[in-house]
Each structure stands twice: as C-alpha cells, then as structure tokens.
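Engineer: just need the structure, nothing else, for what follows:
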Amino acid sequence: MSRPAKHTSERRCICTRQSAPRDGLIRFAVSPDGEVVPDLEEKLPGRGLWLTARADIVRRACAENCFSKAARRNVSVPSDLAHRLVTLLDRRCLDLIALARRSGAAVAGFEKVRHALAAGDVAVLIEATDGAEDGRGKIGRKAAGIDTLSHWTAAQLGGPFGRDRAVHVAILSKGLAERLVRDGRRLEGLRSDGVNDGARLELQES
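Structural biologist: The predicted model follows:
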C-alpha cells in the first residue's frame with residue numbers, strides 16, 4: 001500500500017497508551033453482558049476502547065487485562081480475539097469488494113484492469129497473493145502511485161465476481177477504496193507476525 005487513507009482524528013490505545021490516527025486502531029465496545037466485542041463500524045453505544053491493530057498488541061492487551069482496566073470494570077475477552085479480528089476484517093474487505101462489483105465499481109481480469117489503469121479510473125488495485133509474478137509485475141508497473149492491496153488468494157478474490165479465480169482486481173470508487181485501504185492496513189498489522197496463519201488457512205479453504 002502506498003498511501004494512507006484520509007482519516008486524521010486520533011485515539012489513544014488502551015495498551016500502549018499512545019495516541020495515533022484511528023486508521024491504525026480498532027474500536028471495541030462492551031456488550032450488556034460484559035463481553036468485549038470488536039466494533040469495526042464504530043457505531044456501538046458506550047465508551048469505545050481503542051487498540052492498536054497489531055497481533056502482538058492484541059496478545060499483550062489480553063495478557064495484561066487492559067480491557068478491564070480501561071473499562072473500569074471486569075469484562076470478558078474472547079480467548080481467540082486475534083483470530084476473530086482477522087476473520088472479521090477479511091470478510092469485511094471481501095464484502096466491500098463484492099459491493100463494488102455489484103455497483104459496477106469493480107473490474108477483474110488482466111485486460112480489464114489494464115484498461116482501467118490506462119484510463120486513470122483505478123482508486124485501488126488488488127492483487128492475488130498467489131498470482132503469477134510476471135502478470136503482477138506488468139500490472140504493477142502501470143499502477144505507480146496507486147494504493148495496492150495483496151492479502152487474498154485468487155480463489156478468495158474470485159468469489160465476489162462469481163468465478164473460481166481472480167488475480168487482478170481494480171476498485172473504481174474512491175469511497176470504497178478508502179475503506180478497503182483502511183481495513184487492509186489494519187488486517188496487515190494483525191497478520192504481521194504470523195500468529196493468525198490458522199485464520200488465513202480457514203478462510204482460504206472455506
């Protein structure tokens with residue numbers, strides 16, 4: 001990814017105690033029964049608990065009871081919180097790609113993406129992790145300065161387009177692209193040390 005999404009407000013991480021742009025943090029809320037739940041839409045009621053979107057920070061926050069301390073009450077935290085976050089963000093991003101496709105704001109395939117790049121219509125480029133290096137290189141050379149995501153296999157990317165595989169995908173809507181880049185950055189942070197390889201494998205096989 002070459003550029004950050006355009007969100008400037010900051011929040012304080014309950015674990016590191018450092019303030020940072022909210023793009024790199026995840027909001028949590030406490031349910032009525034006292035369970036910590038991810039609030040990716042940032043709309044759940046109550047005081048938000050913000051945590052840096054990194055796998056090591058998630059583990060540290062759970063180990064050091066940061067959620068209860070920040071909430072000033074005893075709360076329960078799912079034991080598989082890091083796994084859940086990866087699964088939720090993966091599905092959220094693929095749903096955004098499907099939404100773009102249904103609204104006519106996404107194209108897939110080498111030639112269609114190449115033409116969209118030549119026309120200057122691409123807001124974000126998505127490349128399959130298992131795509132051929134030659135094809136990815138050709139597309140990449142035409143995508144200078146354009147945000148690029150590479151978090152999903154060709155089989156995963158093919159789903160929103162009703163096909164078995166899609167190696168090259170272009171999102172043409174700036175609004176959807178910004179949401180994808182934001183969630184893609186957070187997903188990348190949560191996968192950074194490999195703790196969630198199991199979550200990736202489960203998604204790829206589903």
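
Engineer: same for the lengthiest helix in the chain, what does it pack against?
Structural biologist: Taking DSSP state H as the criterion, the chain has its longest helix at helix 81-102. Helices and strands touching helix 81-102, as assessed by 3 or more C-beta pairs under 8 Å, 6 or more residues apart in numbering; DSSP states H and E, comprise strand 36-38, helix 55-63, strand 106-108, helix 154-158, strand 168-171, helix 174-190, helix 197-205. C-beta here means a position set from N, CA and C on the backbone, and glycine is covered the same way.

Engineer: for that helix, buried residues please.
Structural biologist: Applying a neighbour-count criterion of 16 or more other C-beta atoms under 10 Å, one finds 81-90, 92-94, 96-97, 99-101 buried in helix 81-102.

Engineer: helix 174-190 and that helix, what's the angle between them?
Structural biologist: 160 degrees (axes from the mean of the first three to the mean of the last three C-alpha atoms, to 10 degrees).

Engineer: got any ranges where the protein has weak pLDDT?
Structural biologist: In the predicted model of the chain, residues 1-8, 193-206 satisfy pLDDT under 70.

Engineer: the same query, at a cut-off of 50, please.
Structural biologist: 1-7, 194-206 (pLDDT under 50).

Engineer: show me how the record splits this structure into domains.
Structural biologist: Domain segmentation of the chain under automatic domain parsing yields 10-79, 84-205.

Engineer: for the ones you listed, which one ends up most surrounded?
Structural biologist: A comparison of the domains of the chain by mean neighbour count, using mean count of other C-beta atoms under 10 Å, puts domain 84-205 on top with a mean of 18.

Engineer: report the distance from that domain to the chain centre.
Structural biologist: 10 Å (C-alpha atoms, centre = their mean, to the nearest Å).
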